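> Sharing a model prediction with you, sequence too.
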Amino acid sequence: MTALAINQLVNLEAYPIADLESPARQALVEEMGRIYARDGVCLMPGFLTAVAVEMMAEEAKNASVGAYHCDDTHNVYLEHDDTGLPADHPRRQRQVTRLDVVGCDQLAHDGSLWGLYGWDPLRDFIGAVLGYEDFHRFADPIGAMTINVMNEGDGHGWHYDEAMFTVSVMLQAPEAGGKFEYVRGLRDSGDDNYNRLGSVLAGRATDTTTIPITPGALLLFGGRNLLHRVTGVEGSRTRFIATLCYRDMPGVTNTPAVRELFYGRSEPLRSVVAW
Ligand SMILES: [Fe+2]
């Protein structure tokens, strides 16, 4: 399947990001930047065209036959259990994560997903919203862009990401569940706020926010400092999300050990990344 031109993939009328000098782009950068700074999350509905969603969901579905099945329990910091802490400590509460993951080396380089991720104005726009002048695609040949595949019973327990920020591209919603849920302002630098964390993990919190999967939307979130999860997927329709990764330094990759953990293999199918 050959990728469409970028103006057929991205809704450039609503998101005029192609022209770096345009006042409309600057206004959008400022608006999204304000929202991200306030919430740690910035949702951009209707970013992709309907035809892009259709093509990308098909690419994701085709590649998902080779996905790695991840079934893990972890705490919110993705650490091993610390038996030195009391059993009811928030650091000891186990979370379950179950999903299938497709690496970008399993996606066709001439497909629409690669077309979107490899398009420099998108990288530059995300960097500008986050306030970086020097901004880069993640250079990992497996993990730079991944597809998260979730079927009934799958989900991603409460956690903080290792990466500072991530872009999720919503491709296909399940029949129910599979929502992105987050807690604003819980983790300030140097303070893990265990009281509030404990009430979230115990299901007592009333101040969480959920974002349903809306195909075509982009979601930028600062996962390292934003407690978040994906609620359990229900029904027979698969949930597909593309995850686009960026860094503030060039040439950054995962270690082979991390690749083994997340993707079940340390060696990519292809060694050359397309940029
Ligand atoms: Fe995450």
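Sure, I can see it. What you see is a predicted model, and the numbers here were worked out from it, not measured in a lab. Residues are numbered from 1 along each chain as shown.
> quick one: Val183 from Thr209, how far?
Relative to Thr209, Val183 is positioned 8 Å away (CB to CB, to the nearest Å). No exception for glycine: its C-beta is placed from N, CA and C like everyone else's.
> Show me which of those two is the more surrounded one.
Per other CB atoms under 10 Å, whichever of Val183 and Thr209 has more neighbours is Val183, with 21 against 13.
> Wait, Gln172 touches Pro215, no?
Yes. At 6.0 Å, Gln172 and Pro215 qualify as touching, with contact defined as CB atoms under 8 Å.
> and for those two, which residues touch both?
Residues touching both Gln172 and Pro215 by CB atoms under 8 Å, 6 or more residues apart in numbering: Val53, Ala57.
> which residues touch Asn151?
Applying CB under 8 Å, 6+ apart, we find Asn151 in contact with Asp100, Val233, Thr238, Arg239.
> if you set the cut-off to 7 Å instead, what comes out?
Val233, Thr238 (CB atoms under 7 Å, 6 or more residues apart in numbering).
> Check the stretch 151-275 of the chain for the residue nearest the ion and tell me.
As assessed by CB to the ion, the ion sits closest to Asp161 within the stretch 151-275 of the chain, at 4.3 Å.
> Excluding chain neighbours, give the residue nearest to that residue in space.
Spatial nearest neighbour of Asp161, chain neighbours left out: Gly223 (3.0 Å); criterion: CB to CB, 6 or more residues apart in numbering.
> gap between that neighbour and Gly190?
On the measure of CB to CB, Gly223 and Gly190 end up 18 Å apart.
> More neighbours: the two, which one.
Taking neighbours as other CB under 10 Å, Gly223 and Gly190 compare with Gly223 leading, 19 against 5.
> That one: which element?
For Gly223, there is no host helix or strand (DSSP states H and E).
> Over to the one 5 residues further on?
Under the assignment given by DSSP H and E, the secondary-structure element containing His228 is strand 227-230.
> Just the CA atoms of that strand, as CSV, please.
The C-alpha coordinates for strand 227-230 follow below in CSV (Å, rounded to 0.1, in the frame of the first residue of the first chain):
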residue,chain,number,x,y,z
LEU,A,227,-0.2,9.3,36.0
HIS,A,228,-2.1,7.6,33.3
ARG,A,229,-3.6,4.2,32.3
VAL,A,230,-5.7,2.6,29.5
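> name the helices or strands packed onto that strand?
Secondary-structure packing of strand 227-230 (3 or more CB pairs under 7 Å, 6 or more residues apart in numbering; DSSP states H and E): strand 155-159, strand 180-183.
> any idea of the mean pLDDT in it?
In this model, strand 227-230 carries a mean pLDDT of 96.
> Number of residues surrounding Gly178?
Per other CB under 10 Å, the neighbour tally for Gly178 reads 28.
> quick one, what contacts it?
Contacts of Gly178 were listed using CB under 7 Å, 6+ apart, and they are Met150, Ile213, Val230, Thr231, Val233, Arg239.
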